[in-house]
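Peer 1: Just a sequence and a predicted model for now, questions to come.
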Amino acid sequence: MPKVTPIQPATAHPGSIPAPAGGVQTIPPRKIKIIGVPLDLGASRRGVDMGPSAVRVAGLEPRLEALGHVVRDGGNISVPLAETKRSGHQSAHYLKEITETCARTADVVEKTLAEGMTPVILGGDHSVAAGSVSGVSEYYRRQNQKIGLIWIDAHADINTPQTSPSGNVHGMPVAALLGLGPEPLANIFDYSPKVDPGNVVIVGVRDIDPAEKENIRRAGISEVYTMRDIDERGMRTVMEEALRAAGRGTAGYHVSLDMDWIDPEDAPGVGTPVRGGATYREAHLAMEIIADHGRMLALEVVEVNPVIDEHNRTADLAVELISSAFGKKIL
């Protein structure tokens with residue numbers, strides 16, 4: 001394989017770049033590639049396959065370009081239709097098709113990084129992360145570096161086929177990335193785990209299945225911040241600690257944002273809404289702090305469901321949050 005030069009994550013620096021229209025840009029411009037993964041095989045509620053289109057319609061590309069970034073839309077990864085496939089074993093529905101989709105996603109993400117571009121992945125359900133994070137991990141593994149993972153979600157997504165009460169694979173990607181299973185999903189690129197558990201941070205959880213608590217301990221994840229932690233300690237403290245843990249000894253971190261992390265009052269169109277989530281401003285603050293640190297290697301936003309949304313509000317918010325993660329400021 002030809003030698004590739006590692007992409008260098010953007011870093012904050014004194015003296016802001018001249019601000020283009022659309023918001024003050026305080027981080028160096030990036031080359032960004034948008035990758036849609038309209039996968040809805042991992043959940044029982046249909047509709048998140050339209051998430052990538054909804055986010056594009058909400059103006060993602062021009063909003064990022066207005067911040068000074070160079071943006072290319074890479075289109076969508078091909079995904080089989082549920083109606084044309086058998087669901088398979090009850091403990092992990094559509095596992096074969098999801099693994100194949102995630103493997104294709106991993107290849108595209110790895111190649112995007114090799115091209116010197118920052119991947120922005122639009123889901124689909126959260127099982128896509130087993131592919132996107134694998135792609136980032138593989139790229140940096142080839143540079144003899146490891147990555148961190150910031151998992152921002154109402155759910156821990158660390159069930160296995162043995163512990164899942166539903167058999168829905170969108171509740172399993174963290175388990176797959178840490179080598180707990182399911183095995184086909186865990187072994188994309190033929191190695192596991194994809195991320196050291198000491199560099200995995202879960203932020204904003206408020207709905208964890210009983211067996212997942214044991215899986216968190218089994219996996220060795222030490223940094224889990226619930227909504228109570230955010231309530232008591234504040235978003236800034238939580239995010240600063242989270243980014244330090246994910247960044248310790250790594251090239252940077254992949255940020256995986258499930259829109260159900262945000263309270264349904266502000267994000268009604270999500271796959272699995274749970275009351276008591278982050279507020280509109282808390283969500284923006286989290287993304288702004290990520291931008292300030294400048295070590296984000298890739299970003300994905302998942303579980304936007306236009307079928308149950310209100311006037312595309314959730315997709316609009318997704319675009320706003322992505323913009324904040326890429327440097328948009330209030331002033």
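Peer 2: Good, I have the coordinates.

Peer 1: all strands for the stretch 201-331 of the chain, in order.
Peer 2: 223-226, 253-258, 296-302, 328-329 (DSSP state E, counting those that start in this stretch).

Peer 1: One more: the stretch 51-200 of the chain?
Peer 2: 70-76, 118-123, 148-152, 200-205.

Peer 1: mind giving me JSON lines with the ones you listed and columns for mean neighbour count, mean pLDDT and distance to residue 64?
Peer 2: Quick note: C-beta positions are derived from backbone N, CA and C, even for glycine. JSON lines is the format used below for the strands of the stretch 51-200 of the chain (neighbours: other Cβ atoms under 10 Å; pLDDT from 0 to 100; distance: least, Cβ to Cβ, whole Å):
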{"stretch": "strand 70-76", "mean neighbour count": "15", "mean pLDDT": "98", "distance to residue 64": "5"}
{"stretch": "strand 118-123", "mean neighbour count": "27", "mean pLDDT": "98", "distance to residue 64": "8"}
{"stretch": "strand 148-152", "mean neighbour count": "27", "mean pLDDT": "98", "distance to residue 64": "19"}
{"stretch": "strand 200-205", "mean neighbour count": "26", "mean pLDDT": "98", "distance to residue 64": "23"}
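
Peer 1: Nearest approach to residue 141 belongs to which of these?
Peer 2: strand 148-152 (13.5 Å; Cβ to Cβ).

Peer 1: Packing partners of the closest one?
Peer 2: Contact analysis of strand 148-152 by 3 or more Cβ pairs under 8 Å, 6 or more residues apart in numbering; DSSP states H and E lists strand 200-205, helix 235-247, strand 253-258 as its packing neighbours.

Peer 1: Dump those to CSV, plus distance to residue 62.
Peer 2: Listed next are the helices and strands packed on strand 148-152 as CSV, based on distance: least, Cβ to Cβ, whole Å:
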stretch, distance to residue 62
strand 200-205, 29
helix 235-247, 28
strand 253-258, 20
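
Peer 1: out of these, nearest to residue 139?
Peer 2: Shortest distance between residue 139 and the helices and strands packed on strand 148-152, using Cβ to Cβ, is found for strand 253-258: 10.6 Å.

Peer 1: and of the helices and strands packed on strand 148-152, who's closest to residue 215?
Peer 2: Among those, strand 200-205 comes nearest to residue 215, with 11.6 Å by Cβ to Cβ.

Peer 1: Next, the angle from that closest one to helix 235-247.
Peer 2: Here the directions of strand 200-205 and helix 235-247 differ by 160 degrees (axes from the mean of the first three to the mean of the last three Cα atoms, to 10 degrees).

Peer 1: contacts for strand 200-205?
Peer 2: 148-156, 174, 177-178, 216, 219, 221, 223-227, 230, 238-239, 242-243, 245-246, 261, 277-278, 286 (Cβ atoms under 8 Å, 6 or more residues apart in numbering).

Peer 1: partners of that strand in the sheet?
Peer 2: Strand pairing for strand 200-205, determined by DSSP bridges: strand 148-152 (parallel), strand 223-226 (parallel).

Peer 1: Just the CA trace of that strand, in PDB.
Peer 2: C-alpha atoms of strand 200-205 as PDB (Å, rounded to 0.1, in the frame of the first residue of the first chain):
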ATOM      1  CA  VAL A 200     -14.200   6.200  24.800                       C
ATOM      2  CA  VAL A 201     -16.500   8.700  26.500                       C
ATOM      3  CA  ILE A 202     -20.300   8.600  26.600                       C
ATOM      4  CA  VAL A 203     -22.100  11.900  27.100                       C
ATOM      5  CA  GLY A 204     -25.700  12.600  28.000                       C
ATOM      6  CA  VAL A 205     -27.100   9.100  28.600                       C
END
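
Peer 1: Report the distance from that strand to the chain centre.
Peer 2: 12 Å (Cα atoms, centre = their mean, to the nearest Å).

Peer 1: try stretch 190-200
Peer 2: The mean C-alpha position of stretch 190-200 is separated from the chain mean by 16 Å, Cα atoms, centre = their mean.

Peer 1: ok so, going back, turn the strands paired with strand 200-205 into JSON lines, including distance to residue 320.
Peer 2: Output for the strands paired with strand 200-205, formatted as JSON lines (distance: least, Cβ to Cβ, whole Å):
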{"stretch": "strand 148-152", "distance to residue 320": "15"}
{"stretch": "strand 223-226", "distance to residue 320": "22"}
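
Peer 1: what's the span of stretch 285-304 from first residue to last?
Peer 2: One end of stretch 285-304 sits 20 Å from the other (Cα to Cα, to the nearest Å).

Peer 1: Cool, thanks, signing off.
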